[in-house]
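Undergrad: how would this look folded up:
(2 chains)
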Amino acid sequence: ELKVEQNPLFLSMQEGKNYTIYCNYSTTSDRLYWYRQDPGKSLESLFVLLSNGAVKQEGRLMASLDTKARLSTLHITAAVHDLSATYFCAVAPRDNFNKFYFGSGTKLNVKP
Amino acid sequence: DGGITQSPKYLFRKEGQNVTLSCEQNLNHDAMYWYRQDPGQGLRLIYYSQIVNDFQKGDIAEGYSVSREKKESFPLTVTSAQKNPTAFYLCASSIAGQIYGYTFGSGTRLTVV
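TA: Residues are numbered from 1 along each chain as shown, chains lettered A, B, ... in the order given. Sure, this is the predicted structure:
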């Protein structure tokens, strides 16, 4: 059974601090996606990572992909309150990239 | 503006009833998907369709049915056989190959009363 594990599941941090969210997966894949979800809302696409070593940055968020380690990271730099949300990673297996498998999500709370 | 429209936003179902959730997209995407999200959990795939008149079961298809008669539309029916239907349902679409990932609709929150 394919597994996508995120950690931590909950993260409470002060504004201005740095932190990293980890996404491990159990299948062969070189397609990894990060999404943001605000409470009661839909998912918004943040990053699309399509190859080993891919790195994408947008504002205070940076995502990377290591397909050999089956690991993606979402790094938060100098967090601000507006980043408070739940962050999901999703993996598309190489043998069927039509099906995305989602992690359980990391609920981030940035305290002012 | 292009996007995905889900309706209704909130839906209440009585025990034993079938209900249908609507999903329409005007992005000209080939593939469409239905996911279920339970509180504090990730998304689980119910059904997906890559072309008109064809669809495949996801990991939790039991108690659900779909149709894909038009490229723009992918309705989901929650049947009375689904014993625990209360959840947040998300529809998504993508271009063939999913190189840009999914575009999600705003979701339907279904509650059994």
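
Undergrad: Only C-alpha atoms from now on, for both contacts and neighbour counts.
TA: Noted.

Undergrad: low-scoring stretches of the chain, by residue?
TA: Since you didn't name a chain, this refers to chain A. Applying pLDDT under 70 to chain A flags no residue at all.

Undergrad: Correction: the question concerned chain B.
TA: For chain B, applying pLDDT under 70 flags the ranges B:1.

Undergrad: Grab the most central residue of chain B for me.
TA: In chain B, the centroid-proximal residue (Cα atoms, centre = their mean) is B:W34; its distance is 3.0 Å.

Undergrad: elements contacting the helix or strand containing that one?
TA: Assigned by DSSP states H and E, B:W34 falls within strand B:31-37. Applying 3 or more Cα pairs under 8 Å, 6 or more residues apart in numbering or on different chains; DSSP states H and E, we find strand B:31-37 packed against strand B:43-51, strand B:87-94.

Undergrad: For those, give me JSON lines that also has distance to chain A and mean neighbour count.
TA: Formatted as JSON lines, the helices and strands packed on strand B:31-37 follow (distance: least, Cα to the nearest Cα, whole Å; neighbours: other Cα atoms under 10 Å in any protein chain shown):
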{"stretch": "strand B:43-51", "distance to chain A": "6", "mean neighbour count": "22"}
{"stretch": "strand B:87-94", "distance to chain A": "7", "mean neighbour count": "25"}
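
Undergrad: Skipping its backbone neighbours, what lies nearest A:R94 in space?
TA: Spatial nearest neighbour of A:R94, excluding adjacent residues (Cα to Cα, 6 or more residues apart in numbering or on different chains): A:S29 at 4.8 Å.

Undergrad: how close does that neighbour get to chain B?
TA: From A:S29 across to chain B, the span is 13 Å (Cα to the nearest Cα, to the nearest Å).

Undergrad: Let's verify that residue: helix, strand, or coil?
TA: coil (DSSP: H, G, I helix; E, B strand; the rest coil).

Undergrad: isn't it right next to A:A92, touching?
TA: Yes - between A:S29 and A:A92 there is a contact at 6.3 Å, judged by Cα atoms under 8 Å.

Undergrad: Tell me the residues of chain B that contact chain A?
TA: B:40-45, B:90, B:97-107 (Cα under 8 Å from any Cα of the partner chain).

Undergrad: Output the set of residues of chain A in proximity to chain B.
TA: Residues of chain A lying near chain B (Cα under 8 Å from any Cα): A:33, A:41-45, A:48, A:50, A:88, A:97-105.

Undergrad: ok, now how distant is the closest residue in space to B:S106 that isn't next to it in sequence from B:K14?
TA: Among residues not flanking B:S106 along the chain, A:S42 sits closest, at 4.8 Å (Cα to Cα, 6+ apart). Going from A:S42 to B:K14 by Cα to Cα, to the nearest Å gives 25 Å.

Undergrad: These two - which one has more neighbours?
TA: A:S42 (20 against 11; other Cα atoms under 10 Å in any protein chain shown).

Undergrad: ok, what's across the strand from A:C23?
TA: A:Q6, A:S72 (DSSP bridges).

Undergrad: no no, A:S64
TA: Assigned bridge partners for A:S64, using DSSP bridges, are A:V55, A:T73.

Undergrad: In contact with A:N24, which residues are there?
TA: A:4-6, A:70-72 (Cα atoms under 8 Å, 6 or more residues apart in numbering or on different chains).

Undergrad: Most neighbours among those, which one?
TA: A:S72 (27 neighbours).

Undergrad: Show me what residue of chain B gets nearest to chain A.
TA: B:G42 (4.0 Å; Cα to the nearest Cα).
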